[in-house]
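Q: Below are the sequence and a predicted model; questions follow.
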Amino acid sequence: MTRKNSHDQNFKNLILDYPRQALEFFAADEALDLQTAIITPVRQEQLQSRLGDRFHELDVPLLVEWPDGRREALLFVLEEETNPARFSIHRLAHYCLDLADLLKTGWVVPVVIFLRGNTGIPLHLHLGSERYTYLSFTYLRCILAETPVDAHLQSANLVARLNLPNMQWNPRHKVDIYAQAIRGLLELEPDPEKQLKYLDFIDIYTALDDNEMHQYRDRYPQENRTMTRLTDRLLEQGMQQGIQQGELTVLMRLLSRRFGPLDTTIEQRLQQAGTEDLERWAENVLDAKTLEEVFTRH
């Protein structure tokens, strides 16, 4: 999976798992009347049939329906890159017209999530002549790196708390931002399976180094103990599911979680190993005290 697609998949999972919170955070202006609304993802098969080559598997269209019969389509598009040439407002407009036609609604809200901003990215599209504009199009955009983190540190919105690492903050507060994201996850998501899933999300977008992780453990011992229990569960699950999901991918994630970022030498050793070695090393992860022990225990 490419880096771009991995970001897309991370945010697609987030929106599908927490659609209401996603709307309230990424599209706050359009999320004022959701208490009685039913939110459902648009079926992928419908989109593929309608859009053909324009279909993007990792875009996330949602259908919002109210008891009085109103229907609104919301299209979430993640743009990880900041290169203006990569983002096509024309494609987005075309997609929205197709979506409106497919769902028989005139209410369509396109929401584009940028991890970083760029002044060259267009916000408006106008098609017409010198005298008239025949098609005018714009969209909601959420630029996470330009979103002040202070307004969301104590948020009760889980999507906002998980995205604290992606917001605008002073680098010296990195460990504290990580801690607030972890605390939000533990307080707002009761399901241990989801906690495990989005612990990875926070780790990916904060990217603490070894020294920063040590600082976190020293400053936040209670949260660290809870995280350790989650990590142990992740290790056990990884061992049980490793064969099905691919031993290499699971083992690399387990090792990174237990011992910190892997250097190039270790990654190459894992990539060159056979299935038997990968399975043996996965069994060693739970009891090994050091990374070296993972590879030397029999």
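A: Thanks, I have the structure now. Numbers count the residues shown, from 1 in each chain.
Q: which element is L127 on?
A: If you go by DSSP states H and E, L127 is part of strand 124-128.
Q: Quick one: neighbours of the closest residue to E267 other than its chain neighbours, just the number.
A: Distances taken as C-beta to C-beta, 6 or more residues apart in numbering put M252 closest to E267, at 7.2 Å, once the chain neighbours are dropped. Heads up, the C-betas are built off the backbone N, CA and C, glycines and all. By the criterion of other C-beta atoms under 10 Å, M252 has 17 neighbours.
Q: contacting residues around M252?
A: L262, E267, L270 (C-beta atoms under 8 Å, 6 or more residues apart in numbering).
Q: hmm, back to that, what pairs with the following helix or strand past the strand holding L127, parallel or antiparallel?
A: Toward the C-terminus, strand 124-128 is succeeded by strand 133-138 as the next helix or strand (DSSP H and E). Paired neighbours of strand 133-138 in the sheet (DSSP bridges): strand 124-128 (antiparallel).
Q: Backbone torsions only: list them for the closest residue in space to Q21 that isn't next to it in sequence.
A: Distances taken as C-beta to C-beta, 6+ apart place V159 nearest to Q21, at 4.2 Å, with adjacent residues excluded. Phi and psi for V159, reported as degrees, to the nearest 10, are phi -60, psi -40.
Q: Same question for the one 4 residues further on.
A: Summarising the backbone geometry of N163 under the convention degrees, to the nearest 10, its torsions are phi -90, psi 10.
Q: Against E146, how distant is it?
A: Using C-beta to C-beta, to the nearest Å, N163 is found at 13 Å from E146.
Q: Same question for Y18.
A: Using C-beta to C-beta, one gets 22 Å for the distance from Y18 to E146.
Q: So which of those two has more stuff around it?
A: Y18 (20 against 12).
Q: And the strands in this protein, which stretches?
A: Applying DSSP state E to the chain gives strands spanning 38-41, 60-65, 71-79, 108-114, 124-128, 133-138, 140-143.
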